[in-house]
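1. Below: sequence and its predicted model.
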Amino acid sequence: MDPIKIPQNVYVEDRIIGPVTLRQIIICLIGGGFSYALFASLQKMYGSVGLPLAALVWTPGILAAAFAFVKVNDLSLFHLCTLFLERMSKPMTRAWSPRRGIVINFQIHAPKEAEGPTVEKHAEHKNGLEKLSTILDAGDTTEHEEDGLSRKPIEQKPIDRSKIKAEPLTEEHSIDQIQREEESSPATIHPSVSLFRDILPPKAL
């Protein structure tokens, strides 16, 4: 198994020119460019620039070089300035104490006892459900028994013979005589009825 190289010092900046890093070069270019632009503009306006004015003009370039290269206890000048500002904003003396955690208080409340009418109502409802379940479990036998018990015999009303009248057959009104009369006098068929004679069924005698 080949050895695996573990990267170390990953926060070290890349060196561009010898020990000079890219960040230092950018800071020097910004400061030096600003100072050179001021010096060129003043020289164009006044022709010659004196030593005090030239020192004042090149001050931004010198400060940029100081911020880029000066280090105190491996701390850059910019980092030292930020720490100084933090010291001014925060108190000098600090006290550490254990932080109080979250307080959790469990409260258990006993359920209230049910009142009398509510208990009776639930008992009646439970009894009704039990009765319904027993009826459903009994099946069709209970239904037939209940139907048989509920049905009553129908009483037949007496026949009133005075309202019934029947005449005996005579020779004048015999069945043979009626058939002869029907054959001798055939029924006249209306022309509108003759059209549907083959379609409609004959009338029952």
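-> Okay, I see it.
2. max-length helix in the chain?
-> Of all segments of type helix in the chain, defined using DSSP state H, the longest is helix 22-46.
3. which other helices and strands contact that helix?
-> With contacts defined as 3 or more C-beta pairs under 8 Å, 6 or more residues apart in numbering; DSSP states H and E, helix 22-46 has these neighbours: strand 15-17, helix 51-57, helix 59-69. Quick note: C-beta positions are derived from backbone N, CA and C, even for glycine.
4. can we see that at 10 Å?
-> Contact here means 3 or more C-beta pairs under 10 Å, 6 or more residues apart in numbering; DSSP states H and E; on that basis helix 22-46 packs against strand 15-17, helix 51-57, helix 59-69, strand 75-76.
5. That helix vs helix 59-69, what angle?
-> 170 degrees (axes from the mean of the first three to the mean of the last three C-alpha atoms, to 10 degrees).
6. low-scoring pLDDT stretches of the protein, where are they?
-> 1, 113-122, 139-155, 164-205 (pLDDT under 70).
7. could you show me where the helices are in it, in order?
-> Using DSSP H, helices in the chain cover 22-46, 51-57, 59-69, 77-89, 116-138, 140-150, 175-184, 191-195.
8. on that earlier part again, hmm, who's touching the longest helix of the chain?
-> Defining contact as C-beta atoms under 10 Å, 6 or more residues apart in numbering, one finds that helix 22-46 is touched by 13-17, 20-21, 48-50, 53-54, 56-69, 76, 78.
9. Going through those residues, which ones are buried?
-> 21, 49, 54, 57-58, 60-61, 64, 67-68, 76 (16 or more other C-beta atoms under 10 Å).
10. Could you provide the residues you listed in a markdown table, with additional columns for distance to Glu86?
-> A markdown table is the format used below for the buried ones among the contacts of helix 22-46 (distance: C-beta to C-beta, whole Å):
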| residue | distance to Glu86 |
| --- | --- |
| Thr21 | 25 |
| Val49 | 39 |
| Ala54 | 36 |
| Val57 | 32 |
| Trp58 | 31 |
| Pro60 | 25 |
| Gly61 | 28 |
| Ala64 | 23 |
| Phe67 | 18 |
| Ala68 | 22 |
| Ser76 | 15 |
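11. biggest separation within those, which pair?
-> Thr21 and Val49 (32.5 Å; C-beta to C-beta).
12. before we move on, back to that, for the helices and strands packed on helix 22-46, give me JSON lines that also has distance to Ala95.
-> Output for the helices and strands packed on helix 22-46, formatted as JSON lines (distance: least, C-beta to C-beta, whole Å):
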{"stretch": "strand 15-17", "distance to Ala95": "44"}
{"stretch": "helix 51-57", "distance to Ala95": "47"}
{"stretch": "helix 59-69", "distance to Ala95": "35"}
{"stretch": "strand 75-76", "distance to Ala95": "26"}
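13. could you check the distance from Tyr46 over to Val57?
-> 12 Å (C-beta to C-beta, to the nearest Å).
14. swap that for Trp96, please
-> If you go by C-beta to C-beta, the gap between Trp96 and Val57 works out to 50 Å.
15. swap in Phe39?
-> Counting by C-beta to C-beta - Phe39 and Val57 are separated by 5 Å.
16. what do you get for Asp74?
-> 32 Å.
17. again with Phe67
-> For Phe67 relative to Val57 (C-beta to C-beta), the value is 18 Å.
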